[in-house]
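Student: Requesting a structural model of the entry that follows:
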Amino acid sequence: MKILVASHTYIVDLNCEKLRALTRLNPNIEVTIVVPQRWQPGGVQNKIIESQPKIADNFRVIPISNFSQNNQALLTFGANIIPLLKKFKPDIIQVEQGSKSLGYAQFITLNRFLNLRAKNVFFTWWNLPYTPKFPISWLEAYNLKNTDGLIAGNQDGVDVLKERGYRGKYTVLPQLGVDEVLFSPSKQPDLARSLGIESDEFVIGFVGRFVEEKGILTLMKAVTKLTGKWKLLLLGRGILKDKIVSEATAAGISDRLMIVESVPHDQVVNYINLMNTLVLPSEITYQVKTLTAVGWKEQFGHVLIEAMACQVPVIGSDSGEIPFVIADTGLIFPEKDGEALAKSIQTLLDNPSFAQELGQRGYQRVMTNYTNKALAQKQLDFYQQLLPR
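Tutor: Below you'll find the predicted structure:
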C-alpha cells in the first residue's frame, strides 16, 4: 500500500512518528509525506521554517514548493508535485488541511487528471457548525463530493460534516499520537528543587496558551478556593500572563505560582512529571476568527494524553472532545465553573490513593488507544476499508 500524506504539520520531525509507525506495521507499506518548502507557523514560533527532506527505506518526507506560507486553507503546492505523484502512484492521498482547503481540491484534481485512481482522504479538527459563503461553499462541496474517506480528530467534526452533506466513510482519530518512550513516569527531584517545590506540596499543572479560551482564568479562580499545601505550575505563554500574575498577587497566592514560558517539546515531559494533576479547563469562544469560520472549541487536548502517559491524573472541562479523551480515567467539570474545578482539584489533593488510581487508569487508556503504534493500526484499518480487497 502506497500512502501519500500532505500537511504542514510534518515539518516537525516529532510529528512524523505515527506515520513512521504505519510503515512498521507491514513491509509493503510505503509512506511519502509532502510538506511545504517554506512555512511560517506564527504564534510563539513566528519564523519561517525551511523544510528538509528525509528519506529512509519506505518512509520519506519531501518538501515541495508552495503558495501561502502561513494559512492552511490557502496552502497549495507548485508544479513539482506532479512528477512526484506520477512516480509514487499512491493508493491513498490524504490531505490534512480540512474540508474547505484549496490544497485538498488541488490533490483531488491532480488525482483525476493523472488517472492515479487513488482514494481521496482528508483530515479535519474543525468541530463547530458553519455556513460558508460562495466561493468557499462551492470549494467545500467539490471536496466532499470527491472524498472517499474522512478522518476527524473528534466526533463533533464528523457531525458537523454530516450536516454539511458528507455521506461517506469516516473514522475518529487524532492527528498525532503520544510517544510513550518520551512521555513516561520519571521523578524530577533536581527540577523540583530548582523551582522551589517541596516534596509534600501538591502541584497543579497547566500546559498551553495563556488565552481565555484555554480556561486559564477559570483555573486561577479555582485555586484561590483550595486548602492545603499546593503550588500552581503554568507552562506556556500568552497575552494573559500579566493578568494571571496580578490576580495571583491580589489573591495572596503569588508565592504559590510558577510560570515557565519557553520549554522545548521534548522537555515538557520533565515538567509534567512534577505535577500531581494536570488541568485542561478549555472554554468555547466565538471571538476566534479564521478565513472560513468563527469560533473555537477544544478539538482534542493533546497534552491530556501526554500527562496520562506519565500516569499523572487529569482534570478537564466538558468542552469539545475533552470528556471523550479522558472518559472514566479522570475528572470532568462544567466549563467556566471555577467552584466545580476547585472541588475536583481538592478531591485529588485530599485523596492521594484515588489520584494514583486515576493515573493508572489514564495510563492504560493511552497505551491502548493513543500511542503512535495504536493510532497507526487504526488508520491502516480505515485505509483497508477504502481499498478493494
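
Student: Where do the domain boundaries of this protein fall?
Tutor: Per automatic domain parsing, the structural domains of the chain span 2-177+371-386, 189-369.

Student: okay if I get the ones you listed as CSV plus distance to Phe183?
Tutor: Where you see a C-beta, it was placed from the backbone N, CA and C, and this is true even at glycine. Below are the domains of the chain laid out as CSV (distance: least, C-beta to C-beta, whole Å):
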stretch, distance to Phe183
domain 2-177+371-386, 10
domain 189-369, 4
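
Student: Make a markdown table out of these and add mean neighbour count and mean pLDDT.
Tutor: Below are the domains of the chain laid out as a markdown table (neighbours: other C-beta atoms under 10 Å; pLDDT from 0 to 100):
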| stretch | mean neighbour count | mean pLDDT |
| --- | --- | --- |
| domain 2-177+371-386 | 18 | 93 |
| domain 189-369 | 18 | 94 |
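
Student: what about stretch 173-189, how long is it end to end?
Tutor: 36 Å (C-alpha to C-alpha, to the nearest Å).

Student: what do you get for stretch 215-230?
Tutor: First-to-last residue span, stretch 215-230, C-alpha to C-alpha: 20 Å.

Student: Could you pull out the helices in the stretch 201-350 of the chain for me?
Tutor: 216-223, 241-250, 265-272, 302-309, 322-326, 338-350 (DSSP state H, counting those that start in this stretch).

Student: For Val366, which of those is the nearest?
Tutor: helix 302-309 (4.5 Å; C-beta to C-beta).

Student: hang on, Leu19 in a helix?
Tutor: Yes. Under DSSP: H, G, I helix; E, B strand; the rest coil, Leu19 sits within a helix.

Student: What sits closest to it if chain neighbours are left out?
Tutor: Nearest non-adjacent residue to Leu19, counting by C-beta to C-beta, 6 or more residues apart in numbering: Val31, 5.1 Å away.

Student: Pretty sure the one you found sits against Thr23.
Tutor: Yes. Assessed by C-beta atoms under 8 Å, Val31 is found in contact with Thr23 at 5.3 Å.

Student: what sits in contact with each of the two?
Tutor: Asn58, Phe59 (C-beta atoms under 8 Å, 6 or more residues apart in numbering).

Student: Taking the centroid of this structure, which residue is nearest it?
Tutor: Against the mean C-alpha coordinate of the chain, by C-alpha atoms, centre = their mean, the closest residue is His302 at 4.6 Å.

Student: nearest spatial neighbour of it, skipping sequence neighbours?
Tutor: Leu176 (6.5 Å).

Student: List phi and psi for the one you found.
Tutor: Phi and psi for Leu176, reported as degrees, to the nearest 10, are phi -130, psi 140.

Student: From Val279, how far out is it?
Tutor: Between Leu176 and Val279 the distance is 21 Å, computed by C-beta to C-beta, to the nearest Å.

Student: So Glu213 is in contact with Pro281, correct?
Tutor: No. Taking contacts as C-beta under 8 Å, Glu213 lies outside contact range of Pro281: 10.1 Å.

Student: so Leu278 sits right up against Ala309, yeah?
Tutor: No. Look at Leu278 against Ala309 with C-beta under 8 Å: they stay out of range, at 11.1 Å.

Student: follow-up on the earlier one: let me know which of the helices of the stretch 201-350 of the chain is the nearest to Glu201.
Tutor: helix 338-350 (10.2 Å).
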